[in-house]
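**Student:** Show me the folded form of this:
(2 chains)
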Amino acid sequence: MGKMTQEEKQKKAEEYEQYVKEVTPTHSLPMNMAKAFLVGGLICVLGQIILHVAGNYGLDTKEAGSWCSLLLIFGSVLLTGCNIYPKIGKFAGAGALVPITGFANSVAASAIEYKKEGQVFGIGCKIFTIAGPVVLYGIFSSWLLGVVYYILKIMGVFV
Amino acid sequence: MTTQTKGRQSIAFAQPVSILSGASMVGQKEGEGPLGDLFDCICQDPMFGTESWEQAESTMQKETAQLALGKAGLTKEQIRMIFAGDLLAQSIASSYGLVDLEIPVYGLYGACSTMGEALSLAAMAVAGGYGEYILALTSSHFGSAEKEFRFPLGYGNQRPLSATWTVTGSGACVLGRKGGKACITGLTTGKIIDYGLKDSMNMGACMAPAACDTILRHLQDFCRQPEDYDRIITGDLGKIGQRILFDLLEEKGCDIRQQHMDCGLEIFDAEEQDTHAGGSGCGCAATVFASYVLPKVETGEWKRVLFIPTGALLSKVSFNEGQTVPGIAQAVVVEQERKA
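**Tutor:** Residues are numbered from 1 along each chain as shown, chains lettered A, B, ... in the order given. Okay, the predicted model is just below:
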């Protein structure tokens, strides 16, 4: 039982990781993609229907868009509360995660889970446990693009 | 004083330590599993009548402790000390669960191997003459464990096929100098084994090397063969971990396929109950031991078994900081009590 050098250790770890990868079954990727396409597509169709119906009621595109987001978020939060959204998420994976409903689910799920830890330290601090990165880097990247846009405008690229 | 050490990491008790009783309490899903009829108590309410997952786990642990005392015919005043642990940070399930019992306590953390740790220490304490009756118990709860280690329950995501399902359950054993039908005759203390794996969703693969190490060390220390055991029972390696354990042992020229059993594979029907690789958690090994393994040893159906709860030693912080997931496995030899 000699002492292993750091390099040997690293090599052994890589070999073991490779071996574990070989013996570990994974979800079928094409199947997962098909499910994600189906459910993600259905959620978007639902959004489109809301847009059209709102348009028929005489709302302009912006107002109809707001109603669309609002209703989809409401639906997702409701389904999270009724413990149905996790099942959709399990089935559809990214198809249920990427649309606005997935974002709403991650926020609502955290709110429900951490409610017992109080309004401030529970819900307040932890509501964005999962959605936080999306909010932070979403805002940051929009700011960055804004700066780029501003510079290009000064340079006369945009009129 | 005679030494009771054996080999490098083991103990062979000069006087076997008796297991007076075993008690188990589980949640609804476990109750619907293949071992459903064997548990002492199945609670249909995942909150166990409390306000939070953590309190639910504490309540379950307290009830199980009392069940074990009742089955052993002892009052709480007769218990010299408790060795207990759970999966939650700072072991709060045990702390709040045991406070009302007013029995001296040692709190433990060994991840899912805690029942092995608790039984080992309790057996040593009894053998050392430090207590007439000592209680060993652990618990885990699906809700509190998911919250501690993963995501809020309402979050919709896909679990990988290598993931295990944390058992909602608590198992307890009362150990004493004599009076039981089964006894602990020896143990092997496990080392922390790290093969450098970082995938916390494949805990079977993280723990299998530790199980392999402890089993080999045990057999060597006691100069025994796998055939000397009716069963070699790991805690919660699951389907993938079991396969890896067989491969790792085979490399060392050891085959336990005939004797091996994994508590995580026994407690759920993976297909029917959608638990993926199997059950896990402190409660997994503890409840299966108390409800299934112990009675079989007591009746003599199995004369001698090796019980090896396995633990993956990680926290949310260690995982986020990119640390590996080392494993540990504690082995306990359980035999039918010989008539004096």
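
**Student:** Mind splitting the chain into its structural domains?
**Tutor:** Just going to use chain A. The record assigns chain A these domain ranges, following automatic domain parsing: A:33-127, A:131-159.

**Student:** my bad, chain B
**Tutor:** Per automatic domain parsing, the structural domains of chain B span B:17-176, B:182-336.

**Student:** Make TSV from these and add mean neighbour count, mean pLDDT and distance to A:I49 to it.
**Tutor:** Just so you know, the C-beta spots here come from the backbone N, C-alpha and C atoms, and that holds for glycine as well. What follows is those, written out as TSV (neighbours: other CB atoms under 10 Å in any protein chain shown; pLDDT from 0 to 100; distance: least, CB to CB, whole Å):
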stretch	mean neighbour count	mean pLDDT	distance to A:I49
domain B:17-176	22	96	22
domain B:182-336	23	96	32
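
**Student:** Are stretch B:305-320 and chain A in contact anywhere?
**Tutor:** No - figure legend: stretch B:305-320 not in contact with chain A (CB under 8 Å from any CB of the partner chain); closest approach 10.8 Å.

**Student:** With stretch B:195-214 instead?
**Tutor:** Yes - applying CB under 8 Å from any CB, one finds stretch B:195-214 touching chain A at B:195-197, B:199, B:202, B:205, B:209.

**Student:** Chain A: which of these is nearest?
**Tutor:** If you rank those by distance to chain A using CB to the nearest CB, B:G196 comes first, at 2.7 Å.

**Student:** just to revisit the earlier point, quick one: which of the domains of chain B is nearest A:E22?
**Tutor:** domain B:182-336 (10.4 Å; CB to CB).

**Student:** what about the closest one, how long is it end to end?
**Tutor:** 4 Å (CA to CA, to the nearest Å).

**Student:** low pLDDT regions in chain A?
**Tutor:** For chain A, the stretches flagged by pLDDT under 70 are A:1-3, A:159.

**Student:** change it to 90
**Tutor:** For chain A, the stretches with pLDDT under 90 are A:1-9, A:98-99, A:156-159.

**Student:** Return the nearest residue of it with respect to chain B.
**Tutor:** A:G89 (1.8 Å).

**Student:** Surely that residue is within a helix?
**Tutor:** Yes - under DSSP: H, G, I helix; E, B strand; the rest coil, A:G89 sits within a helix.

**Student:** ok, it - contacts?
**Tutor:** A:96-97, A:102, A:105, B:155-158 (CB atoms under 8 Å, 6 or more residues apart in numbering or on different chains).

**Student:** do A:K62 as well
**Tutor:** A:K62 touches nothing, counting by CB under 8 Å, 6+ apart.

**Student:** Tell me if it really is in a helix.
**Tutor:** Yes - assigned with three-state DSSP, A:K62 falls within a helix.

**Student:** Tell me the residues of the stretch 101-250 of chain B that contact chain A?
**Tutor:** Within the stretch 101-250 of chain B, the residues that sit near chain A (CB under 8 Å from any CB) are B:147, B:151-162, B:195-197, B:199, B:202, B:205, B:209, B:240, B:243-244, B:247.

**Student:** Now, those residues that are in helices?
**Tutor:** Among these, the ones falling in helices (DSSP state H) are B:147, B:205, B:209, B:240, B:243-244, B:247.
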